[in-house]
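Trainee: Provided below are the primary sequence and the corresponding predicted coordinates.
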Amino acid sequence: MDDLSSLIAGFQVALSWHNIGFMAVGVILGIIVGVLPGLGGPNGVAILLPLTFGMDPTSAIILLSSIYWGALFGGAITSILFNIPGEAWSVATTFDGYPMAVQGKAAEALTAAFTASFIGALSGVVLITFVAPLVAQFALRFGPAEFFAVFLLTFCSFIGMGRENRAKIIASLCIGFLLAAVGLDSISGDLRMTFGSTELMRGFDFLIVVIGLFGVSEILLTVEEGLVFKGKQAKIDLKVVLRTWAGLPRYWATLVRSAIVGMWMGVTPGGAIAASFMGYGLAKRFSKRGRNFGKGEIEGVLAPETAAHAAGTSALLPMLALGIPGSATAAVLLGGLLVWGLQPGPMLFVEQKDFVWGLIASMYLGNLAGLIIVLATVPLFAAIMRIPFSFVAPVILIVCAIGAYTISNSIFDIWLMLIFGVVGYVFKKLDYPLAPMILALVLGDRAEDAFRQALLGSGGSLSVFWANGLVGTLVVLALLLLCWGPAGDAIAALRGRGRQDPETAEATR
Amino acid sequence: MSSPSEIEAPERGISRRPVEITTALLLIGLAGVVLYDSHGRGAGWDGGPQNGFFPARVGWIFLAASLFILWQSFRRPDGVFVTYEQLRQVVRVLGPLILFVALIGPLGIYVASAVFIIAFMAVVGTSRWWSIGLTALLVPIACFWVFELQFRVPLPKGPLEAMLGY
């Protein structure tokens, strides 16, 4: 009941004209960011973050999280109309979304995708509303050892649940940690790994790395395939929307299943990408029309979209309650909280009640606003994709450069962005995952502090990590998650691959 | 994620294995540098963990992972990393981009942007000259209006802006 009244107070914060304006602007910017290649959720938020330093934190996070919602919606537009996933989590949407568009059912596919996104996001927000305060309250008891165990859990689940090559996930995580360690060490006050360079003394700002890895490299990957996009037309009118909505209740089982998968995957940082594929794979297996999947089945659009958005939204739960982001964009938002002087974690729910509940309330409103805006303006955003890429690419790159510069007014940072752009390009082509790197870069210092403090307390004995039931459970859970993936692979290999038809294998990979 | 066309069409390009191996070797080198630096500053215990304690441990895991990647790269079937046609496209973007970043220092970001847009669109060569000129003029002005006048974010400026009194 206490939470409910806090939520109502939160709605009062979020419902000011001022904040609704930011919400609308954020959603529209987010959709643009989601539609344009090279500007994804994490990158879009990273570029705009420096512009919000002067704003009131609540308004700023409403603006930035609305960009996140918009980007989630926007990814579906390009997947369905252009067969180009705007975001990695909308890859599964292309499997059935694009075939539907080819059959002339683009409007239905889009309506289904947006509605599914909304349902997924809503279930994620409901989860946050009711579970986050409990988690935060529970986490108030955490000491450094427990916090390190939670960090360990995060990283282990990335490795265990990841779909990429596991050695590459580990390498990517390590690079993030090491980049975070460069510069001034906050505990001893010494300089680390700067090799005498004054530019490196500041360390690597994760925003620069994000803009390079997700922005510049994405452009380079996009131009590989040439500079013209070919897409389908779409116009949504109210009749199609209502007709699609009327058909939705039939698929309630798929929606519920995907929402649950998404919420689970979002909280454990398996991420929205894995969730969308899992949602799709499960729907295909359980649906009566599973054979038609991949040929333009509406259920094949609903399932991944619901799961991806439930995961994308739930990823904010551990960020708010524990200070541990469940996705790359959540990591960037968390970096923003630190810049605004807010310490994410359990204390946030005690000390910054207005902020937290304002944000949660804005999640409800932002997603509703997003659904309405996106349904009303699809043709407009589809038109953006028809602007020749030779116009769009330089503008995006200039905006990236400006974003990199404004973080600390340094031209050196623009060079860094460029270098990370090339690194990101090579890494993506070689299937190194980038999200773990960002996560480790953002969390690196805090994970290290927790680790060192825990060891200081125990006098250097590692036994502190199983000293009591709580920390022991967390560490065991972490190790279980770490072994989950390899064990799953082994079981699948033992069962033999013959039983799984190749299409499912493709979809669930 | 490899698209099917890459597998079907045996287009010429840089093959994947050398790139995979080079990357792994670079990562191993990086791990070596980290370990050298961390152990050089002290990665042990001196009344508490020394400042190289954590990076050194991460460094060892990193080294192990990169060695494993190196080993894997020899075992995997080779593929095409990037075809020459794709590489040409990438260079056409990367070239002007490097020019742009190099010019920001001496010319300021707005003039550099204009040069970048002209260079990029000329290299790509799909647009008419007047649309190139218009874009090169309007985009920097729009940026100036948004960042300098609206958000009051100081961006690097060069001689032209100084002449105009900013």
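Mentor: Nice, thanks for sending it over. Numbering: from 1, shown residues only, chains lettered A, B, ... in the order given.

Trainee: Which residues of the stretch 251-400 of chain A lie near chain B?
Mentor: Residues of the stretch 251-400 of chain A lying close to chain B by CB under 8 Å from any CB of the partner chain are A:388, A:390-391, A:393-395, A:397-398. Backbone N, C-alpha and C define where each C-beta goes, glycine included.

Trainee: Selecting buried members of these in PyMOL, what would you type?
Mentor: Typed into PyMOL, the line below selects the buried ones among those, using 16 or more other CB atoms under 10 Å in any protein chain shown:
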select buried, chain A and resi 390+391+393+394+395+397+398
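
Trainee: So which of the residues of the stretch 251-400 of chain A next to chain B are in helices?
Mentor: Taking DSSP state H as the definition of helices, those contribute A:390-391, A:393-395, A:397-398.

Trainee: quick one, strands of the stretch 151-300 of chain A?
Mentor: Secondary structure of the stretch 151-300 of chain A (DSSP state E, counting those that start in this stretch): strands at A:183-184, A:191-192.

Trainee: How far does the first one sit from its chain's centre?
Mentor: In this case it means strand A:183-184. Averaging C-alpha positions (CA atoms, centre = their mean, to the nearest Å) puts strand A:183-184 28 Å from its chain's average.

Trainee: which helices and strands sit right next to that strand?
Mentor: For strand A:183-184, the packing partners by 3 or more CB pairs under 8 Å, 6 or more residues apart in numbering or on different chains; DSSP states H and E come out as strand A:191-192.

Trainee: With the last one instead?
Mentor: The contact analysis (3+ CB pairs under 8 Å, 6+ apart) places strand A:191-192 against strand A:183-184, helix B:16-41.

Trainee: got the contact list for that strand?
Mentor: A:181-185, A:201, B:37-38, B:41, B:51-52, B:55 (CB atoms under 8 Å, 6 or more residues apart in numbering or on different chains).

Trainee: mind giving me TSV with those and columns for pLDDT and distance to A:Met100?
Mentor: What follows is the contacts of strand A:191-192, written out as TSV (pLDDT from 0 to 100; distance: CB to CB, whole Å):
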residue	pLDDT	distance to A:Met100
A:Ala181	86	48
A:Val182	86	48
A:Gly183	81	50
A:Leu184	78	54
A:Asp185	77	54
A:Met201	79	54
B:Asp37	85	55
B:Ser38	85	54
B:Arg41	80	59
B:Asn51	78	57
B:Gly52	80	56
B:Pro55	87	50
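
Trainee: sorry, back to before: A:Gly457: which of the helices and strands packed on strand A:191-192 is closest?
Mentor: Taking CB to CB, helix B:16-41 is the member of those nearest to A:Gly457, at 22.5 Å.

Trainee: Report all helices and strands that that closest one contacts.
Mentor: Under the contact definition 3+ CB pairs under 8 Å, 6+ apart, helix B:16-41 sits against helix A:166-181, strand A:191-192, helix A:411-429, helix B:53-75, strand B:80-83.

Trainee: buried sites along the fourth one?
Mentor: Residues of helix B:53-75 classed as buried: B:53-60, B:62-63, B:65-66, B:68-70, B:73 (neighbour count, 16+ other CB under 10 Å).

Trainee: Quick check: which of those are also close to chain A?
Mentor: Okay, of these touching chain A (CB under 8 Å from any CB), that's B:53-55, B:58-59, B:62, B:65-66, B:68-69.

Trainee: And the helices in the stretch 1-150 of chain A, which stretches?
Mentor: A:2-14, A:17-35, A:41-48, A:57-82, A:91-102, A:106-139, A:144-161 (DSSP state H, counting those that start in this stretch).

Trainee: how many neighbours does the residue in the stretch 101-250 of chain A that chain B sits nearest to have?
Mentor: The stretch 101-250 of chain A approaches chain B most closely through A:Cys174 (3.6 Å), counting by CB to the nearest CB. Look at A:Cys174: counted by other CB atoms under 10 Å in any protein chain shown, it has 27 neighbours.

Trainee: same deal with A:Met193?
Mentor: A:Met193: 21 neighbours (other CB under 10 Å).

Trainee: Identify the residues contacting the residue of chain B at minimum distance from chain A.
Mentor: For chain B, the residue closest to chain A is B:Phe62, as judged by CB to the nearest CB, at 3.6 Å. B:Phe62 sits next to A:170-171, A:174-175, A:178, B:27, B:30-31, B:34 when contact means CB under 8 Å, 6+ apart.

Trainee: if you take the average position of the chain, which residue is closest to it?
Mentor: Assuming you mean chain A. A:Ser327 (3.9 Å; CA atoms, centre = their mean).

Trainee: Switch to chain B, please.
Mentor: Nearest to the centroid of the C-alpha atoms of chain B, with distances taken as CA atoms, centre = their mean, sits B:Leu94, at 8.8 Å.

Trainee: Excluding covalently adjacent residues, which one is nearest to that residue?
Mentor: Excluding the flanking residues, the one nearest B:Leu94 by CB to CB, 6 or more residues apart in numbering or on different chains is A:Leu220, at 6.8 Å.

Trainee: for A:Ala447, same thing?
Mentor: A:Phe151 (4.2 Å).

Trainee: Can you check the pLDDT for the residue lying farthest from the centre of chain B?
Mentor: In chain B, B:Gly47 marks the outermost C-alpha relative to the chain mean, sitting 41.5 Å out by CA atoms, centre = their mean. pLDDT recorded at B:Gly47 is 72.

Trainee: Please identify which helix or strand holds it.
Mentor: Using DSSP states H and E, B:Gly47 maps to neither a helix nor a strand.

Trainee: phi, psi of it?
Mentor: Backbone torsions of B:Gly47, given as degrees, to the nearest 10, read phi 70, psi 0.

Trainee: Just give me the neighbour total for A:Leu380.
Mentor: By other CB under 10 Å, the residues close to A:Leu380 number 12.

Trainee: what's the answer for A:Glu199, then?
Mentor: Neighbours around A:Glu199, by other CB under 10 Å: 11.

Trainee: residues contacting it?
Mentor: A:410, A:412.

Trainee: again, only this time at 7 Å
Mentor: For A:Glu199, the contact set (CB atoms under 7 Å, 6 or more residues apart in numbering or on different chains) comprises A:Phe412.

Trainee: Give me the distance between it and B:Ala102.
Mentor: 16 Å (CB to CB, to the nearest Å).

Trainee: you'd agree the residue nearest to B:Leu94 is up against A:Val426?
Mentor: No: taking contacts as CB atoms under 7 Å, A:Leu220 lies outside contact range of A:Val426: 9.6 Å.

Trainee: before we move on, the earlier item: which two among the ones in helices among the residues of the stretch 251-400 of chain A next to chain B are spaced furthest apart?
Mentor: For these, the maximum inter-member distance is 13.6 Å, found between A:Ser390 and A:Ile398 (CB to CB).
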